[in-house]
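**Q** Give me coordinates for this.
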Amino acid sequence: MSSLDTETLIIGAGPAGLAIAACLRRAAIPFLVLERGDRVGTSWHRHYDRLHLHTDKRNSALPFLPFPREYPRYPSREDVIVYLETYARLFEIRPLYSQKVISTTREHGLWVTRIRDRRYLSRHLVIATGYNDRPVVPTWRGHENFRGPIVHSSAYRNGEPYRGQRVLFVGFANSGGEIAVDLWEHGARPSMSVRGPVNIVRREILGVPILNLAILLGRLPPVVGDCLSAPIRQMAIGSYARLGLRQADVGPLTQIAQRGRIPLIDVGTVPLIREGMVTVYSAVERFTEGGVRFSDGREEPFDAVVLATGYRPAVADFLADDSGVLDANGQPRSHGARTALPGLYFCGFSLAATGMLREIAREAKAIAREISRDVRGG
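**A** Here you go, the predicted model:
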């Protein structure tokens, strides 16, 4: 084997990759960052215009750098982009851009990461490409005959092209909830198709970010935390049936822990549903030329459809895994700590009640400590 290119190779220059790099910089551990895009935080540049963090800035900062004091409590997409660019500059993180990884394998005790025209050798490998890497785009009977556009939320920018139109939003993810508000604010007539039971939490209760409560309750078993918070959640949301929704049979903390699904953090969707500005329908059964037929037999006309049907990680596309570090869905079985493969770590794949950015910061520090001990023989 040729000589090492670096002690640690980091794949991805989003929040997770930058956080790892900053922690390794503090520990004086050499690293390289590969980024398939042309700038840091590539995915943040592609998100819809209205996006704000659903977690407050105090609990969402990366290691060693708080969000600026002048930022709002819930930073916007543009705020986060500037923050990430500043972060990279302050910690002298200079990713190599347009480096799409084709494969990474462990050979002769080293990690061999290949791109189109070269390879990188490293002792440690941190995969920080993120959970929301590849859009999930389901199909339905008749969708190819629908006359209007059907787009995934990853391709949605703002509601201006949909002004005056009847738009169906499929799914109940946090992006879907905020895009429904954005559509209404741009003069569209939004509706939502919700397939199953859901959990909803307010972003704030009595002016206190809900994340503070989640952090406090996170020290308890999820079922206990859900029982303690149930009266507060009921007071904040009220009757699900009156919203045309079914409440999940478990609380939000249990839902995250057992099913890997984040509840809807309401930023204004629920009031619009309550006031009749957003109509809720059951699951999509099939498409017609001019609309959608739902599982309860109702059929309605629509001009466009936006899919909030989620994402999946794409790690399995380049990581040759014969040791079970990935599950059947391509999701890392562990993150923020040493894996079953020597020198391999995952960061930024945690769906946590306490917020993804907060978990990234915690995981990055833990991974950097382990790498530092390996390098220094401690």
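**Q** and stretch 246-255, which residues are buried?
**A** Neighbour-count burial for stretch 246-255 flags Gln247, Ala248, Val250, Gly251, Pro252, Leu253, Thr254, Gln255 (criterion: 16 or more other CB atoms under 10 Å). No exception for glycine: its C-beta is placed from N, CA and C like everyone else's.
**Q** Out of these, which two sit at the greatest distance?
**A** Maximum pairwise distance among the buried residues of stretch 246-255 (CB to CB): 14.6 Å, between Gln247 and Leu253.
**Q** ok, back up a step: so which of the buried residues of stretch 246-255 comes closest to Phe172?
**A** Ala248 (10.7 Å).
**Q** Name the spans of the stretch 201-350 of the chain whose pLDDT lies under the cut-off.
**A** The stretch 201-350 of the chain contains residues with pLDDT under 70 at 322.
**Q** do that again at 90, thanks
**A** Within the stretch 201-350 of the chain, the segments meeting pLDDT under 90 span 205-208, 210-219, 235-236, 257-262, 310-314, 316, 320-324, 327-331, 333-336, 350.
**Q** Then the stretch 1-150 of the chain?
**A** Scanning the stretch 1-150 of the chain for pLDDT under 90 picks out 1-4, 46, 117, 130-135.
**Q** how about the strands of it, start to end?
**A** Taking DSSP state E, counting those that start in this stretch as the criterion, the stretch 1-150 of the chain contains strands spanning 6-11, 31-34, 103-107, 110-114, 119-127, 134-135, 150-152.
**Q** Can you list the buried residues in the longest one?
**A** Right, strand 119-127. By neighbour count on 16+ other CB under 10 Å, the buried set for strand 119-127 is Tyr120, Leu121, Ser122, Arg123, His124, Leu125, Val126, Ile127.
**Q** Can you tell me which of those is nearest Glu160?
**A** Taking CB to CB as the measure, Ile127 is the one of those closest to Glu160, at 36.8 Å.
**Q** would you list every one of the helices in this protein?
**A** Using DSSP state H, the helices of the chain run over residues 15-26, 42-46, 77-90, 174-185, 210-217, 222-237, 252-259, 269-274, 356-376.
**Q** so which of those is the most packed in?
**A** Ranked by mean neighbour count, those are led by helix 15-26 with a mean of 26 (mean count of other CB atoms under 10 Å).
**Q** what angle separates that one from helix 356-376?
**A** Calculated by axes from the mean of the first three to the mean of the last three CA atoms, to 10 degrees, helix 15-26 forms an angle of 40 degrees with helix 356-376.
**Q** Dump helix 15-26 to CSV, restricted to CA.
**A** This file holds the C-alpha atoms of helix 15-26, laid out as CSV (Å, rounded to 0.1, in the frame of the first residue of the first chain):
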residue,chain,number,x,y,z
PRO,A,15,-22.8,20.3,9.7
ALA,A,16,-21.6,16.8,10.7
GLY,A,17,-18.5,16.8,8.6
LEU,A,18,-17.6,20.3,9.7
ALA,A,19,-18.1,19.5,13.3
ILE,A,20,-15.8,16.5,13.2
ALA,A,21,-13.2,18.5,11.4
ALA,A,22,-13.3,21.3,14.0
CYS,A,23,-12.9,18.8,16.8
LEU,A,24,-10.0,17.1,15.1
ARG,A,25,-8.4,20.5,14.4
ARG,A,26,-8.6,21.3,18.1
